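Trainee: Quick one: sequence and predicted model below, then my questions.
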Amino acid sequence: MPDSPGDQEGRRGFFGSLWRVAALIGLGAVGGTLFARARQGLKDQTCTFESGCGGCDRLADCGLPQAMSARQVLGRK
């Protein structure tokens, strides 16, 4: 027995909504993971270079306030 056209649109709408919800959940999970990694990375940073930021090899990736200031002074952004 064939389905009526109203049933077809109802199923399409249901599956379309299902895909949208799944995509939003996936984007939320990816965003949450990236946010958690960024916060963990900043919390774990400690300065190990005793002579100042100018000669440090981690200066480009460092998130500490001293390194941010040093990058501005040295012209590296």
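Mentor: It's in.

Trainee: From here on, just use CA atoms for contacts and neighbour counts.
Mentor: Will do.

Trainee: Which pLDDT does the model give A23?
Mentor: Looking at A23, its pLDDT is 97.

Trainee: Look at G54 and report its pLDDT.
Mentor: 75.

Trainee: and the gap between the residue nearest to the spatial centre of the chain and L27?
Mentor: Geometric centre of the chain, nearest residue: L34, 3.3 Å, by CA atoms, centre = their mean. Here L34 is placed at a distance of 11 Å from L27 (CA to CA, to the nearest Å).

Trainee: Check G13 too.
Mentor: Counting by CA to CA, the gap from G13 to L27 is 21 Å.

Trainee: okay, stretch 62-77 in CSV with CA atoms only?
Mentor: Extracted in CSV, the C-alpha atoms of stretch 62-77 (Å, rounded to 0.1, in the frame of the first residue of the first chain):
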residue,chain,number,x,y,z
CYS,A,62,53.8,30.8,24.8
GLY,A,63,50.6,32.2,26.3
LEU,A,64,52.0,33.7,29.5
PRO,A,65,51.6,37.5,29.9
GLN,A,66,55.3,38.1,29.9
ALA,A,67,55.7,36.4,26.5
MET,A,68,52.8,38.3,25.0
SER,A,69,54.4,41.6,26.0
ALA,A,70,57.8,40.4,24.7
ARG,A,71,56.2,39.5,21.3
GLN,A,72,54.7,43.0,21.0
VAL,A,73,58.0,44.6,21.9
LEU,A,74,60.0,42.4,19.6
GLY,A,75,57.5,42.8,16.7
ARG,A,76,56.4,39.2,16.6
LYS,A,77,52.6,38.8,16.6
